[in-house]
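Asks: sharing a model prediction with you, sequence too.
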Amino acid sequence: MSVTREHILHALAQVQDPDLRQDIVSLGFVKGLKVEDGRVSFTIELTTPACPVRDQMKEQAVQAVRAIPGITEVAVTMTSQVRASMTSARGGALIPTIKNVVAVASGKGGVGKSTVSANLALALGARGARVGLMDADVYGPSIPGILGVTSGPEVTPQRRIIPPLVRVPSGPAPSGAASPSAKATSGGIIPVQQDGLAVISMAFFMKPEEAVIWRGPMLHKTVEQFLGTVEWGDLDYLIVDLPPGTGDVQLSLCQLIPITGAVIVSTPQDVALNIAQKAIAMFKKLNTLILGIIENMSGYVCPHCGTRDDVFGSGGARKTAERLGLPFLGEIPLATVIRETSDAGTPIVLSQPDSPSARAFAAAAEALAAQVSIRAMQGEGVKVTF
C-alpha cells in the first residue's frame with residue numbers, strides 16, 4: 001500500500017494545539033506537505049514564535065507520521081505567522097502595519113509595570129517576533145532607562161516636531177503657542193532600535209529634570225502622534241506601557257485604535273488587587289478585552305538559604321483571575337537582580353536569560369502570546385472552547 005497525503009493528514013490530525021484545543025490539520029497549520037517513496041516533509045506554521053510547546057508539537061507530529069507503515073523518513077520544519085486580531089486589523093490609518101496592540105496597565109503605581117512591559121517585549125522578541133515598545137507613561141517615562149537607551153529617535157527631514165512633542169516650560173503657556181491639535185508636515189519619527197525592539201518614549205522629548213504638566217487634550221495628541229507618526233514598520237506585537245490608574249492616556253489609546261487587549265499587572269497584596277480591579281472595570285467599559293493578569297513581586301527567595309518570604313502575600317492575583325474568569329499569565333518573583341538589571345539598563349531577560357526570574361518573564365510572555373493567538377483565531381472563525 002502506497003502512502004498518500006490523506007494518510008499523512010489523518011495521522012497529523014492526532015496532534016492538537018493545546019491553547020486552541022483543535023488539531024493542527026483543522027487549524028490549517030500543515031503547509032507544503034510532500035510524500036515521495038516513503039519520505040515525508042511538511043511545515044507546521046504556528047500562530048506565534050513564542051509557543052511554549054513548539055518542540056513538543058514537532059515531536060508529536062514526527063511520531064504520528066512515523067507510525068504509518070511504509071514511512072522511512074520524516075522532515076518537519078517549524079515556522080510561525082502571527083495573526084492580526086480582528087480589533088487591531090480595524091486599526092485604520094494610524095497603525096496599518098501593526099498586527100496586535102497589547103496595553104500593559106496597573107491600577108496603581110509601584111507595582112513594576114514598566115519592568116514587566118520591557119521584559120515581556122524582550123522575551124517575545126527573543127523568540128523571533130517583531131516587537132515594538134511604546135512608553136505611554138507620559139508623566140513618568142522609564143522604559144529608556146530600563147533598556148539602557150542612550151540615543152534618541154531619528155526625525156526624518158520632512159518632519160517638524162510639533163506640540164505636544166516638545167519640551168514644555170513651567171508656568172502658563174505663552175500667548176499664541178501652538179495647540180495640541182496642530183498639524184504636522186509629512187515625514188515621520190523613526191523609533192530607537194534597542195535589543196531588537198522599536199522603542200518610543202516621552203523621555204526622548206524632554207530633559208531628565210523636567211516634568212510634564214499637561215491637560216487631557218495634549219496627552220491625547222501625544223498618544224495619537226506616538227501611534228500615527230512613528231514609523232513602526234511591520235510588527236507582530238506593539239507593547240504599550242501605560243501610566244498607572246484610569247486616566248486620559250488609557251482613554252485616548254482605547255478610543256484611537258481598537259487594541260487587541262490589556263494585561264493587568266498587580267502585586268499579590270489586597271490593596272493593589274482592589275485597585276487593579278478598577279483598571280479591569282475601566283477596560284471593560286471601553287470594550288477592551290483583558291488578556292490576563294500578571295502577579296509581580298510574587299515572593300522573595302533568599303539566594304543564600306533558599307527560604308521563600310511572601311513579602312506582599314502570595315497567590316492573590318491568581319485567585320482574582322480565577323474569580324473574575326480571566327487568564328492568569330504568571331508570577332514574577334521579587335528579586336534584587338531584577339531591580340539591579342533594570343537600573344543598569346540591562347534587563348534580566350537579556351542579561352541573565354537562564355535565571356529563574358528571566359524564565360518567569362519568558363513564561364508570562366508565552367502565555368500572553370497564546371492569549372493573543374486565541375483572540376486572533378477566534379476572529380478567523382475558529383471556535384476555542386475551555
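Replies: Cool, the structure landed. These numbers come from a predicted model, not from an experiment. Numbers count the residues shown, from 1 in each chain.

Asks: that's a strand at residue 293, yeah?
Replies: Yes - counting by DSSP: H, G, I helix; E, B strand; the rest coil, residue 293 is part of a strand.

Asks: who are the contact partners of it?
Replies: 263-266, 276, 317-318, 320-321, 326-329 (Cβ atoms under 8 Å, 6 or more residues apart in numbering). Heads up, the C-betas are built off the backbone N, CA and C, glycines and all.

Asks: please apply the same query to residue 79.
Replies: Contacts of residue 79 by Cβ under 8 Å, 6+ apart are 31, 43-46.

Asks: got JSON lines for the residues you listed, with neighbour count too?
Replies: Listed next are the contacts of residue 79 as JSON lines, based on neighbours: other Cβ atoms under 10 Å:
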{"residue": "31", "neighbour count": "12"}
{"residue": "43", "neighbour count": "14"}
{"residue": "44", "neighbour count": "23"}
{"residue": "45", "neighbour count": "17"}
{"residue": "46", "neighbour count": "22"}
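
Asks: in JSON lines, list those residues along with distance to residue 358.
Replies: Formatted as JSON lines, the contacts of residue 79 follow (distance: Cβ to Cβ, whole Å):
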{"residue": "31", "distance to residue 358": "32"}
{"residue": "43", "distance to residue 358": "30"}
{"residue": "44", "distance to residue 358": "27"}
{"residue": "45", "distance to residue 358": "28"}
{"residue": "46", "distance to residue 358": "22"}
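
Asks: for residue 252, report the pLDDT, please.
Replies: On the pLDDT scale, residue 252 is placed at 91.

Asks: just checking, what packs against the host helix or strand of it?
Replies: Here residue 252, judged by DSSP states H and E, is contained in helix 248-256. With contacts taken as 3 or more Cβ pairs under 8 Å, 6 or more residues apart in numbering; DSSP states H and E, helix 248-256 sits against strand 101-105, helix 216-228, helix 270-285.

Asks: mind doing that once more with 6 Å?
Replies: helix 216-228 (3 or more Cβ pairs under 6 Å, 6 or more residues apart in numbering; DSSP states H and E).

Asks: and the angle from the helix it packs on to helix 248-256?
Replies: 50 degrees (axes from the mean of the first three to the mean of the last three Cα atoms, to 10 degrees).

Asks: longest helix in this structure, by residue count?
Replies: With secondary structure taken from DSSP state H, the chain has its longest helix at helix 356-379.

Asks: which residues touch residue 147?
Replies: 118, 194 (Cβ atoms under 6 Å, 6 or more residues apart in numbering).

Asks: please parse the protein into its domains.
Replies: 5-80, 86-379 (automatic domain parsing).

Asks: quick check: which of these is buried the most?
Replies: Highest mean neighbour count of the domains of the chain: domain 86-379, a mean of 19 (counted as mean count of other Cβ atoms under 10 Å).

Asks: distance between it and the chain's centre?
Replies: 8 Å (Cα atoms, centre = their mean, to the nearest Å).

Asks: same question for stretch 53-62.
Replies: So, by Cα atoms, centre = their mean, the centroid of stretch 53-62 is 25 Å from its chain's centroid.

Asks: show the average pLDDT along it.
Replies: 95.

Asks: quick one: residues in contact with that stretch.
Replies: Looking at stretch 53-62 with Cβ under 6 Å, 6+ apart, the contacting residues turn out to be 12, 15, 18, 74, 76, 78.

Asks: dump these into a markdown table; add secondary structure and distance to residue 98 as well.
Replies: Formatted as a markdown table, the contacts of stretch 53-62 follow (DSSP: H, G, I helix; E, B strand; the rest coil; distance: Cβ to Cβ, whole Å):
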| residue | secondary structure | distance to residue 98 |
| --- | --- | --- |
| 12 | helix | 32 |
| 15 | coil | 31 |
| 18 | coil | 27 |
| 74 | strand | 37 |
| 76 | strand | 30 |
| 78 | strand | 25 |
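
Asks: farthest-apart pair in these, please.
Replies: Using Cβ to Cβ, the contacts of stretch 53-62 reach their maximum pairwise distance at 18 and 74, which is 21.4 Å.

Asks: and residue 121, what does it touch?
Replies: Taking Cβ under 6 Å, 6+ apart, one finds 131, 133, 197, 239 in contact with residue 121.

Asks: so for stretch 190-202, mean pLDDT?
Replies: Stretch 190-202 comes out at a mean pLDDT of 95.

Asks: quick one: end-to-end distance for it.
Replies: One end of stretch 190-202 to the other measures 14 Å (Cα to Cα, to the nearest Å).

Asks: where does the residue positioned nearest the centre of the chain sit: helix, strand or coil?
Replies: With distances taken as Cα atoms, centre = their mean, the residue of the chain nearest its centroid is residue 239 (4.5 Å). Per three-state DSSP, the secondary structure class of residue 239 is strand.
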